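**Q** Next comes the sequence, and after it the predicted model I'd like to discuss.
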Amino acid sequence: MTTTAGTTTAGTTTAGTAVAEPVRSDRTAALADRLRRAVGTERVLTDRTQVRTYECDGLANFKVTPAIVVLAESRQHVVDTVRLCAEAGVPFVARGSGTGLSGGALPSADGVLLVLSRLRTLSPVDADNRQVTVEPGVINLWVTRDAAPHDLAYAPDPSSQLVCSIGGNVAENAGGAHCLKYGFTVNHVLGAEVVLPDGEVVHLGGRAPEHPGYDLLGAFIGSEGTLGVATELTLRLIRVPEAVQTMLVGYSSVEDAAGTVSDIIAAGILPAAVEMMDALAIEAAEAAVSCGYPEGAVAVLVIELDGPRVEVEAQFAQVEEIARARNAFETRIAADDAERALMWKGRKSAFAAVGRISPSYFVQDGVIPRTKLPEVLTEMKRMADEKGLRVANVFHAGDGNLHPLVLFDDAVEGQAHEAEELAGDILELCVTSGGSITGEHGVGSEKRMKMAKQFTPEDLDTMQLLRCAFDPDGIANPGKVFPTPRLCGERPGVRKGEHPVQAAGLGEVF
Amino acid sequence: MTAVTAARRPGDAGDAVGGVVPREVVRPGTVEEVAEVLRAAAAEGRAVVPVGGRSKLTWAAPPESCDLLVDLTGLDRVVEHVAGDLTVVAEAGVRLADLQAQVGEAGQLLGLDPPEDGATLGGIVSANASGPRRLRYGTTRDLLIGITVVLADGTVAHAGGKVVKNVAGYDLGKLFTGAHGTLGVVASTTWRLHPVPPARRVVTLEVPDAAAAGPLSIALARSTLTPSAVELVGSAGGAARLIVLFESIAESVAGQARAAVALLGGGEESEDLPGDLGRRPGGADDVLLRLAYAPASLSAVLAALPAGTAVAAHAATGVSYAAVPAAEAADALPRLRAALAPHDGTAVVLRAPEAVRDSLDHWGPVGDSLDLMRRVKERFDPERRMSPGRFVGGV
């Protein structure tokens, strides 16, 4: 059995190192020929300058040039590519829009990068069932665009929704600002057509809410491309709420902002979104998009409620009262969609905006229990001060999902390394606070070594059982998610009849 | 020989699972004891069936064998309830009703309301049981944020965590949801909670023909109303009640109930929950089926049932329960499955009188992922000792 794929890590690099070169071999050359015959010459790239376009995803400090790139335009192209990879024992990595922030679509140097962004068909919206079926390359925002005439919407709204693909969202179980109330991608995907790593096509879930058998759809979503490639997805749509109200609240202390979030939850209110930014993040957003956030604010909250009008109006007034009691010095209420958009603009542009106030930065993604927010922020500040670095904080405060942005200057000797270390320490702080190393960006290449901080070897081995059932040869996105590669061994045999211990007359412990 | 400290006794007729009497029953009190029991069972090659409150033992095919019944009701601790985080960690043997009472003191609830009396959290996860409020809160897959399982060889594994938002690693909680004990034992569970809504309003509309509820349910689902549940109780081809439940602040439920009456063209408003809300239809002489289908096909599903079949439908979600008289079940089931197929529909037998139990195909067709499911089973339980034969395709 060929198991080289499972141990191929030659391509993975650490931050700051040079781009790993593609590994050209007779094996990949022969595979490229077979791929050209199967899917068409124009859809198979091996030219070095062409394949370099795909050397990284949204995590640009990890780069690997793939040996072969396939630009799939149909399900059959995906099936052919995966089957030929399986036959050749060559790894493949699926890629959508390439906006992922954990290096989940980082290519294998000796493998195939399977680009799905040309699979962009949306079926007509099924308004009565509140569903729509789409191909994986469809852009997130297109789904809501098509659903809008039916007063429907697709709930998951990652900040990258203008460009990110549904297939990538499914791989990473993408979240967004509104998942506090509406949940994540996994709560909004009803069915998937999946090409397994041996080329077999299966249908998981469907149009009905339940099906007999294991919830393999639930396990597949968020598996970061390690269990197969989705070629079609059926999405659940939500009714657009009758009313939406958004407020922007300024505070003189982070504690008061965090306290407001706790008090809202304690009052039994479930907002559609509660977002928080600290002074440094506000400064960056102002510099970038002039969003007009309250002057002198040490922290701001963007709070959005949605639902039936009477409910939103009553609870909105209650939230205003809570904010006032927590010393909010300015509360603005969006009068219309344009004002709401401006409030969100500052928040959604925050990552990129940090580029205005720092030459370089690491985006981090960790989760803590919401109640630990004040103490974790204090500790984070202490850790940053110790290293002489600045951390801007942008987060989904309602569900404890932090996005600390660690600022640094490449030109200063050793600072990138210090910043990377701090980013790592912040993740460990999240774990020791009872949280997680990732809330929505995924483990990918970046955090696989951190998995051992959150899970025991037994936990990880048990997860690998699932991977081995889907991908015994370890060719689907190898080197991601798990800290160490693992060979699956032969498919276990099914023992029939009496167990040998019983047959021997033993087995009377009980 | 491996020492097992957990309390144990010989099995008797009262312990039977689908007519199969276990040789022995063991009642561990901790996750570690569950692991110890499963290690010992592995050493001896024993077939194991885990049970909780035993309220849904019929919800799967009978096991091919059961050497050891693992009774999880000894794992009955609510480990940690953090009200400010709206999360709770509770062992598998905790009864749902007890958990609701405890988190209810903080004005919170777990958004699951399957009607089976005495159901435990582990059993609800393993059977993927749900009730009327699934429309609002979803089901186990939407609310379970962390899990501890014990595998067939005694390995203790965790997945997920204690935070609502978390994408680190595979979500084994989803895999164990609805797996009916065939992959291992669910030992502990962590859940997302919701605030208890302060007010309630119920709108009840009598319809002369249950099928009329189909278009009304679609209209409700496409409206801006946010009911917690839309239930249809009645009989296929006969009269029925459509019950729409609103739970929120007082101003909201009053306004929404008025709007619902206008949308439905009638209906009585009340503050009281109907006593039979969510109750599974039929009696001991019936075959109880769970039907799942694309949500807008409720009328077609009702038309496919034998006339007079007692039905309780979660009308806006695509899940119904139907009670078919035992004598008709063998004929009706294949016809029903064929009629449901165009709606991505399936029919699963949840309960059947003993006389017909073994003649029915409990699960029905599974589709093209059955072989993959078998491969998952082989990896988790290569010796095929965990609840053998209870699941789809003989898994």
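**A** That came in fine, so what should we check first?

**Q** can you count the residues close to the nearest residue to B:K56 once chain neighbours are set aside?
**A** Across the structure, with C-beta to C-beta, 6 or more residues apart in numbering or on different chains as the measure, the residue nearest B:K56 apart from its sequence neighbours is B:A127 (4.6 Å). Heads up, the C-betas are built off the backbone N, CA and C, glycines and all. Other residues near B:A127 number 24, with proximity taken as other C-beta atoms under 10 Å in any protein chain shown.

**Q** tell me the contacts of B:A127?
**A** Shown in contact with B:A127 (C-beta atoms under 8 Å, 6 or more residues apart in numbering or on different chains): B:K56, B:W59, B:A60, B:G178, B:H180.

**Q** For chain A, see how far away it is.
**A** Relative to chain A, B:A127 is positioned 12 Å away (C-beta to the nearest C-beta, to the nearest Å).

**Q** Got the phi and psi for that residue?
**A** The phi and psi torsions at B:A127 (degrees, to the nearest 10) take the values phi -100, psi 0.

**Q** contacting residues around the residue positioned nearest the centre of chain A?
**A** For chain A, the residue whose C-alpha lies nearest the mean C-alpha position (C-alpha atoms, centre = their mean) is A:H441; its distance is 3.3 Å. Residues near A:H441 by C-beta under 8 Å, 6+ apart: A:G100, A:L101, A:S102, A:E172, A:V363, A:D365, B:V167.

**Q** is it true that the last one lies in a strand?
**A** No - looking at B:V167 with DSSP: H, G, I helix; E, B strand; the rest coil, it is coil, so not inside a strand.

**Q** How is the chain divided into domains?
**A** Assuming you mean chain A. Structural domains assigned to chain A are A:4-115, A:131-239, A:241-354, A:358-441, following automatic domain parsing.

**Q** meant chain B, my bad for not saying
**A** Taken from automatic domain parsing, chain B resolves into B:7-73, B:78-195, B:197-379.

**Q** quick one: which of the contacts of B:A127 is nearest A:L217?
**A** Ranking the contacts of B:A127 by separation from A:L217, with C-beta to C-beta as the measure, puts B:G178 on top at 11.5 Å.

**Q** Around chain A, pick out the residues from the stretch 201-350 of chain B.
**A** On the criterion C-beta under 8 Å from any C-beta of the partner chain, chain A has as its neighbours in the stretch 201-350 of chain B the residues B:218, B:221-226, B:248-249, B:251-252, B:255-256, B:290, B:292-296, B:317-319, B:343-346, B:348.

**Q** quick one: pLDDT of A:G346?
**A** The predicted structure scores A:G346 at 86 on the pLDDT scale.

**Q** Report the separation between it and chain B.
**A** Computed as C-beta to the nearest C-beta, the A:G346 to chain B distance reads 22 Å.

**Q** One more: A:G439?
**A** With distances taken as C-beta to the nearest C-beta, A:G439 is found 4 Å from chain B.

**Q** wait, doesn't that residue sit right on B:N166?
**A** Yes - in this structure, A:G439 sits in contact with B:N166. The criterion is C-beta atoms under 8 Å, and the distance is 6.2 Å.

**Q** Show me whatever sits in contact with both of the two.
**A** A shared contact of A:G439 and B:N166, defined by C-beta under 8 Å, 6+ apart, is any residue touching both; here these are A:V367.

**Q** Now the residue in the stretch 51-200 of chain A positioned nearest to chain B: closest residue in space that isn't a chain neighbour?
**A** Here the residue of the stretch 51-200 of chain A nearest chain B is A:D128; by C-beta to the nearest C-beta that distance is 3.8 Å. Sequence neighbours aside, B:A296 is the residue nearest to A:D128 in space, at 3.8 Å (criterion: C-beta to C-beta, 6+ apart).

**Q** which one is B:P195 nearest to, not counting chain neighbours?
**A** A:G268 (3.4 Å).

**Q** what residues are up against that neighbour?
**A** Neighbouring residues of A:G268 by C-beta under 8 Å, 6+ apart: B:G107, B:P195, B:V196, B:P197, B:P198.

**Q** Could you single out the nearest of the residues you listed to A:P483?
**A** Once C-beta to C-beta is applied, the member of the contacts of A:G268 that ends up nearest A:P483 is B:P195, at 38.4 Å.

**Q** low-scoring pLDDT stretches of the stretch 1-150 of chain A, where are they?
**A** When residues are selected by pLDDT under 70, those of the stretch 1-150 of chain A lie in A:1-19.

**Q** residue boundaries of the helices in it?
**A** A:26-39, A:48-51, A:75-88, A:140-147 (DSSP state H, counting those that start in this stretch).

**Q** How about chain B?
**A** Secondary structure of chain B (DSSP state H): helices at B:31-44, B:96-104, B:121-127, B:134-137, B:140-143, B:172-176, B:213-222, B:250-264, B:298-304, B:326-340, B:354-357, B:370-380.

**Q** Mean neighbour count, those helices: which tops it?
**A** Most buried of these by mean neighbour count (mean count of other C-beta atoms under 10 Å in any protein chain shown) is helix B:121-127; its value is a mean of 28.

**Q** contacting residues around stretch A:453-466?
**A** Residues lying outside stretch A:453-466 but in contact with it, judged by C-beta under 8 Å, 6+ apart, are A:219, A:227, A:427-428, A:431, A:436-437, A:451-452, A:482-483, A:486, A:488, B:149, B:151, B:155-159, B:161, B:168-170, B:172, B:175, B:376, B:379-380.

**Q** how about the residue nearest to B:P115 when sequence neighbours are not counted, what does it touch?
**A** For B:P115, the nearest residue in space outside its immediate sequence neighbours is B:G278; the separation is 4.6 Å by C-beta to C-beta, 6+ apart. Listed by C-beta under 8 Å, 6+ apart, the contact partners of B:G278 are B:D113, B:P114, B:P115, B:G131, B:P132, B:A229, B:E231, B:A312.

**Q** Which phi and psi values does B:G278 adopt?
**A** Dihedral angles (degrees, to the nearest 10) for B:G278: phi 90, psi -10.

**Q** pLDDT score assigned to it?
**A** Looking at B:G278, its pLDDT reads 95.

**Q** And for A:P492?
**A** Looking at A:P492, its pLDDT is 63.

**Q** same deal with A:A503?
**A** A:A503 is assigned a predicted lDDT (pLDDT) of 42.

**Q** Do you have the strands of the stretch 351-500 of chain A handy? List them.
**A** With DSSP state E, counting those that start in this stretch as the definition, the stretch 351-500 of chain A shows strands at residue ranges A:360-363, A:366-367, A:390-396, A:401-408.

**Q** deepest of those, which one?
**A** Among those, strand A:366-367 has the highest mean neighbour count (mean count of other C-beta under 10 Å), at a mean of 30.

**Q** hmm, who's touching that one?
**A** With C-beta under 8 Å, 6+ apart as the criterion, strand A:366-367 contacts A:399-402, A:404, A:426-427, A:429-430, A:435-439, B:161, B:163, B:165-166.
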